[in-house]
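Peer 1: Predicted model follows, preceded by the sequence.
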Amino acid sequence: MEIISKILVAIVALEHLYILYMEMFAWETLGKKTFKGSLPDEMFKPTKKLAANQGLYNGFLSAGLIWSFFICDSIWAKNVAIFFLGCIIAAGIYGALSASKKIFFVQALPAIIALLFVLLR
């Protein structure tokens with residue numbers, strides 16, 4: 001169970017590193033493809049700095065999950081993972097309610113699944 005939970009946490013961490021990359025460095029290319037239809041094409045250039053800020057926050061979430069792998073105390077490591085997964089779940093639910101329902105399935109659901117496995121370990 002522990003190996004599965006760590007793999008799932010790692011997948012969520014990698015997903016948020018990918019989001020960091022897309023929002024901070026590829027907003028006008030990859031971001032435009034990802035959010036096609038959600039945002040008019042002409043809005044990507046003026047929102048580039050806002051997206052970069054969002055990307056930075058996704059990087060912090062990813063860093064927190066990665067940090068949980070390096071904590072020697074298992075209870076402390078579990079609590080750190082729970083905290084950051086909870087943050088991702090909250091952000092994913094808010095994004096689904098305020099922007100696009102797709103965000104729930106892309107961000108919140110993987111974090112919910114990972115959280116369940118972390119809680120069960």
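Peer 2: Arrived safely. Quick caveat: nothing in here was measured; it's all calculated off a predicted structure.
Peer 1: What is the neighbour count of Ile88?
Peer 2: When neighbours are defined as other C-beta atoms under 10 Å, Ile88 has 26 of them. C-beta: built from backbone N, CA, C; applies to glycine.
Peer 1: and the gap between it and Glu23?
Peer 2: As for Ile88, its distance to Glu23 is 15 Å (criterion: C-beta to C-beta, to the nearest Å).
Peer 1: Next: Ile71.
Peer 2: Distance from Ile71 to Glu23, by C-beta to C-beta: 27 Å.
Peer 1: just Ile89 next, same as before
Peer 2: For Ile89, the distance to Glu23 (C-beta to C-beta) stands at 19 Å.
Peer 1: These two: which is more packed in?
Peer 2: Using other C-beta under 10 Å as the criterion, Ile89 and Glu23 rank with Glu23 on top: 24 against 20.
Peer 1: which SSE is the more buried one in?
Peer 2: Taking DSSP states H and E as the criterion, the element that holds Glu23 is helix 2-25.
Peer 1: do the same with Gln54
Peer 2: Using DSSP H and E, Gln54 sits in helix 48-68.
Peer 1: and Ile4, what does it touch?
Peer 2: Residues counted as contacts of Ile4 (C-beta atoms under 8 Å, 6 or more residues apart in numbering) are Phe117.
Peer 1: From Asp41, how far out is it?
Peer 2: For Ile4, the distance to Asp41 equals 41 Å [C-beta to C-beta].
Peer 1: same deal with Glu28?
Peer 2: Counting by C-beta to C-beta - Glu28 and Asp41 are separated by 9 Å.
Peer 1: Out of the helices and strands in this structure, which is least certain?
Peer 2: When each helix and strand of the chain is scored by mean pLDDT, DSSP states H and E, helix 32-34 comes last, with a mean of 89.
Peer 1: Show me the contact partners of that one.
Peer 2: Contacts of helix 32-34 (C-beta under 8 Å, 6+ apart): Met22, Asp41, Phe44.
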